[in-house]
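Asks: Need the 3D shape of this:
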Amino acid sequence: MKPDDYIGPVCGCPGCRAARSASASKAACARWRDRSARLLRDHKTCKTCGVYKETAHFTRHRTAVDGLKSSCKTCVAAYEKRRKALARKPRRILSGSEKRERRRIWSLNSRSKNRARYNAVRRRSRAKHRATTTAATRAYYWRNRARQIERVAQYFKRYPEKKSQHEAKRRAQQRSARSEKVDYALIMVRDRMRCHTCGGKVKRAELHFDHVIPLSKGGTHVTENIAVSHARCNLSKGAKVTSLF
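Replies: Modelled structure (predicted):
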């Protein structure tokens with residue numbers, strides 16, 4: 001038997017067994033080939049449930065290669081039932097604040113998953129479009145100055161601790177002192193919520209962040225120079241150095 005005469009797996013019938021040992025042609029297993037072709041023509045595997053079924057269980061589809069849908073009638077009926085049940089369920093209309101909150105949460109989750117790539121793309125984009133972005137931002141601010149001022153005031157009213165942190169950074173920039181992004185959560189963990197002046201426990205309502213060396217005395221706005229303090233201790237200390245207070 002020539003290599004191109006072998007037809008692959010055999011069914012085990014006498015003709016196929018003879019084809020293994022004798023020099024038979026492809027016609028030795030014609031009966032098995034006819035049966036396989038008939039099965040392929042009359043049966044199909046459902047893509048959804050994975051069951052090998054007769055073609056009678058499939059709906060006709062004009063654009064499909066074999067003229068049948070890829071899923072059987074049972075799976076299609078189950079899908080339609082689920083779809084109609086979801087369509088009947090009334091959808092609650094989200095308010096503007098709820099939509100913004102959902103977008104914010106989605107953005108935070110997306111950034112946390114792709115933090116390094118996001119930061120790299122952001123740095124390249126800022127460096128490439130710095131002049132255009134600065135001009136556009138300044139123009140937008142002056143077009144909507146009243147609304148922007150109101151938005152910032154509402155934000156600082158909602159988060160008063162952010163206002164004090166912003167003011168501290170602004171004072172450092174005015175004095176040309178060294179400044180960096182400060183992690184205030186890390187400072188609270190480091191100091192264990194104890195005042196660096198009196199050593200007492202600091203409650204959230206009376207929490208202040210104090211510059212150990214004041215900015216007016218040459219201090220810097222960095223994590224190492226900022227400590228947890230009581231509001232009364234910080235205000236009474238003023239611009240004095242902690243060691244002299």
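Asks: Every contact and neighbour count from this point should use C-alpha atoms.
Replies: Noted.
Asks: Next secondary structure after the helix or strand Glu101 falls within?
Replies: Using DSSP states H and E, Glu101 falls within helix 96-113. From helix 96-113 onward toward the C-terminus, using DSSP H and E, the following helix or strand is helix 115-128.
Asks: Pretty sure Ala185 sits in a strand.
Replies: No: judged by DSSP: H, G, I helix; E, B strand; the rest coil, Ala185 forms no part of a strand; its state is helix.
Asks: Quickly note the distance from it to Val228.
Replies: 10 Å (CA to CA, to the nearest Å).
Asks: cool, Thr133 as well?
Replies: Counting by CA to CA, the gap from Thr133 to Val228 is 37 Å.
Asks: Looking at these two, which is more packed in?
Replies: Higher neighbour count among Thr133 and Val228: Val228, with 27 against 14, using other CA atoms under 10 Å.
Asks: close enough to count as contact, that one and Val189?
Replies: No: contact criterion CA atoms under 8 Å: Val228 and Val189 do not qualify, at 9.7 Å.
Asks: Can you give the domain ranges for the chain?
Replies: Following automatic domain parsing, the chain resolves into domains at 3-86, 100-143, 160-244.
Asks: from those, which stretch is densest packed?
Replies: domain 160-244 (a mean of 16; mean count of other CA atoms under 10 Å).
Asks: Going by residue numbers, what spans are helices in this structure?
Replies: With helices called from DSSP state H, the chain shows them at 14-21, 30-42, 73-88, 96-113, 115-128, 130-143, 145-158, 160-174, 184-191, 231-237.
Asks: Redo those helices as a markdown table? Include mean pLDDT.
Replies: Output for these, formatted as a markdown table (pLDDT from 0 to 100):
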| stretch | mean pLDDT |
| --- | --- |
| helix 14-21 | 55 |
| helix 30-42 | 58 |
| helix 73-88 | 88 |
| helix 96-113 | 84 |
| helix 115-128 | 87 |
| helix 130-143 | 92 |
| helix 145-158 | 90 |
| helix 160-174 | 82 |
| helix 184-191 | 89 |
| helix 231-237 | 87 |
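Asks: and Cys198, which of those helices is closest to it?
Replies: helix 231-237 (7.6 Å; CA to CA).
Asks: Overlap in contacts, Ala185 and Val228.
Replies: The contact sets of Ala185 and Val228 do not overlap (CA atoms under 8 Å, 6 or more residues apart in numbering).
Asks: how close does Arg123 get to Arg130?
Replies: From Arg123 to Arg130 the distance is 10 Å (CA to CA).
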